[in-house]
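**Student:** let's see this in three dimensions:
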Amino acid sequence: MDWFYLSRNPNAIHILEKNMDKMTTECWSQLSRNPNIFTYDYQAMKDRMFHGGIKEDLMKDRFHPTNIHKFKGWGFEAYDDDE
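**Tutor:** Next up, the predicted model:
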């Protein structure tokens with residue numbers, strides 16, 4: 001089996017996990033490019049956003065008075081008037 005090329009295959013993660021002892025240094029460099037080695041904890045990301053202050057910082061930025069003109073055309077009468 002060619003572990004070097006298999007390391008790049010996103011569908012071979014389950015095989016690679018069981019045979020890590022067969023992988024060489026070159027294989028590890030290819031494995032680092034494999035998108036399926038990453039897993040995302042979406043709940044943790046959501047919790048961090050809501051409880052870590054990112055939400056407030058984002059709202060402060062988007063709703064800053066210098067950005068009000070960007071709401072034109074969104075259906076808010078106060079911002080759609082050309083007067």
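**Student:** need the contact list for residue 12.
**Tutor:** By C-beta atoms under 8 Å, 6 or more residues apart in numbering, the contact list for residue 12 reads residue 6. In this view, the C-beta of every residue, glycine as well, is placed from N, C-alpha and C.
**Student:** let me know the pLDDT of the residue most central in space within the chain.
**Tutor:** Taking C-alpha atoms, centre = their mean as the criterion, residue 40 is the residue nearest the geometric centre of the chain, at 8.0 Å. Here the pLDDT value assigned to residue 40 is 88.
**Student:** ok, residue 41 to residue 70 distance?
**Tutor:** Relative to residue 70, residue 41 is positioned 32 Å away (C-beta to C-beta, to the nearest Å).
**Student:** and what of residue 23?
**Tutor:** 50 Å.
**Student:** quick one: low-confidence ranges for this structure?
**Tutor:** Along the chain, the parts satisfying pLDDT under 70 run over 77-83.
**Student:** show me where it has helices.
**Tutor:** Here the chain has its helices, by DSSP state H, at 3-6, 13-18, 25-31, 42-51, 54-62, 77-80.
**Student:** tell me the domain ranges of the chain?
**Tutor:** Domain segmentation of the chain under automatic domain parsing yields 3-37, 42-80.
**Student:** not counting sequence-adjacent ones, nearest residue to residue 15?
**Tutor:** Nearest non-adjacent residue to residue 15, counting by C-beta to C-beta, 6 or more residues apart in numbering: residue 6, 6.8 Å away.
**Student:** that neighbour: how many residues sit nearby?
**Tutor:** 20 (other C-beta atoms under 10 Å).
**Student:** thanks a lot, see you next time.
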